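> Have a look at this prediction, sequence included:
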Amino acid sequence: MSDSTRFKLEKIQSTAITFVDLLRPGDRVLVMAFDKRVQMLAEATDDRSVLRAAIHRVRGGGGTSLYMALDSAIGILNRTAGRKAIVLLTDGVDTASVGVTSESTVRAADASHIAIYPVQYDTYGDFADNPGRETYASGDYGAVAHVTKSGEPASAAYKRATLYLRLLADKTSGYFQYTDSAKNLARSFEQIAAQLRQQYTLGYYPKDKAADGTQRQIRVEVVVPKVTVQTRKSYIYKPHKN
């Protein structure tokens, strides 16, 4: 809920509520929002009225603590039983996180058993049209480039953000989607809800039970024709603690 999304707040809220309503009745949802802070708006619950009220309480602010929010969500879900997923709505450009990096969140996501579904919501146009944006002129023809508060060209920041979100989805067997309108956002949420309803859980006992922290490769194949499987490509083995 950074300042880059303030023009789309009502549409984001309405589509988020629609997404919650598309989930199965017993599914529990927790709601988190982030600008320069990370806020827990609703603890995990299957009470739809509580979740709708939480989403309606969202208010825009300054800054984007994306990495801090994701790190916090992973930590909470790592302590939660059952199948787990994070639906991450963001433009992917972090401007305010402290003590957490893109690399550390990718490592945490990879070590978890949480599927991450990033939805990259395009805010570049709002950034470029914002009178408070920072610009600089270059070249003989006075070309103007937009830069972030850290001085990085905005185009580079958004490109890096896309790569980061795609990596999160790839590492966790989630699904990356890009959207540039409220209509497309609603479609993205519908597709994620459908995928969450159609997941299967497979497991096995590894012969090598050494907790060495190394990546272990995994591949799942099916014999049904014209069917593709979306799974993790690797995992880190952690022995069960009694």
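That came through, no problem.
> make it CA atoms for all contacts and neighbour counts henceforth
Noted.
> Contacts for stretch 170-184 next, please.
Stretch 170-184 has contacts (CA atoms under 8 Å, 6 or more residues apart in numbering) with 11-12, 15, 106, 109-110, 113-123, 165-166, 168-169, 185, 188, 192, 230-234.
> ugh, typo on my part, it should be stretch 64-74
Counting by CA under 8 Å, 6+ apart, 1-2, 32-38, 86, 90, 92-98, 100-102, 105, 108-109, 112, 114 sit against stretch 64-74.
> Kindly report the same for stretch 222-234.
Asp170, Lys171, Thr172, Ser173, Gly174, Gln215, Arg216, Gln217, Ile218, Arg219, Val220, Glu221.
> if we go to 10 Å?
Residues from elsewhere that reach stretch 222-234, judged by CA atoms under 10 Å, 6 or more residues apart in numbering: 110-111, 113, 115, 169-175, 199, 214-221.
> and Phe34, what are its bridge partners?
Beta-bridge partners recorded for Phe34 (DSSP bridges): Val38.
> Type out the ChimeraX command that picks the buried ones from the contacts of stretch 170-184.
Per 16 or more other CA atoms under 10 Å, the buried members of those correspond to this ChimeraX selection:
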select :12,15,106,109,110,113,114,115,116,117,118,119,120,121,122,123,165,166,168,169,185,188,192,231,232,234
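> List the ones among the contacts of stretch 170-184 that fall in helices.
11-12, 15, 106, 109-110, 165-166, 168-169, 185, 188, 192 (DSSP state H).
> wait, doesn't Leu9 sit right on Val58?
Yes - counting by CA atoms under 10 Å, Val58 is a contact partner of Leu9 at 8.3 Å.
> between those two, what contacts are shared?
Met1.
> ok so, going back, could the ones in helices among the contacts of stretch 170-184 go into CSV alongside distance to Ala42?
Converted to CSV, the ones in helices among the contacts of stretch 170-184 look like this (distance: CA to CA, whole Å):
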residue, distance to Ala42
Lys11, 20
Ile12, 17
Thr15, 17
Val106, 25
Ala109, 22
Asp110, 25
Leu165, 24
Arg166, 27
Leu168, 24
Ala169, 24
Leu185, 22
Ser188, 22
Ile192, 20
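> Phi first, then psi, for the residue nearest in space to the middle of the chain.
In the chain, the centroid-proximal residue (CA atoms, centre = their mean) is Leu88; its distance is 2.5 Å. Per-residue torsions, Leu88: phi -110, psi 110 (degrees, to the nearest 10).
> How much space separates it from Met1?
Going from Leu88 to Met1 by CA to CA, to the nearest Å gives 12 Å.
> Now for Arg166: which residues touch it?
Ile116, Tyr117, Pro118, Val119, Gln120, Gly174, Tyr175, Phe176, Gln177, Tyr178.
> would you turn the residues you listed into CSV with pLDDT and distance to Tyr158?
Shown next, in CSV, are the contacts of Arg166 (pLDDT from 0 to 100; distance: CA to CA, whole Å):
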residue, pLDDT, distance to Tyr158
Ile116, 97, 19
Tyr117, 96, 18
Pro118, 96, 14
Val119, 94, 13
Gln120, 93, 10
Gly174, 93, 20
Tyr175, 93, 19
Phe176, 95, 15
Gln177, 94, 14
Tyr178, 93, 12
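> Closest to Lys159 out of those?
Gln120 (11.3 Å; CA to CA).
> Just the buried ones from the contacts of stretch 222-234?
Asp110, Ala111, His113, Ala115, Ala169, Asp170, Lys171, Thr172, Ser173, Gly174, Tyr175.
> Ala115 versus the last one, what's the distance?
Which is Tyr175. Counting by CA to CA - Tyr175 and Ala115 are separated by 8 Å.
> swap in the fifth one?
According to CA to CA, Ala169 and Ala115 sit 7 Å apart.
> Which residues are in contact with each of these two?
Ala109, Tyr175, Arg232.
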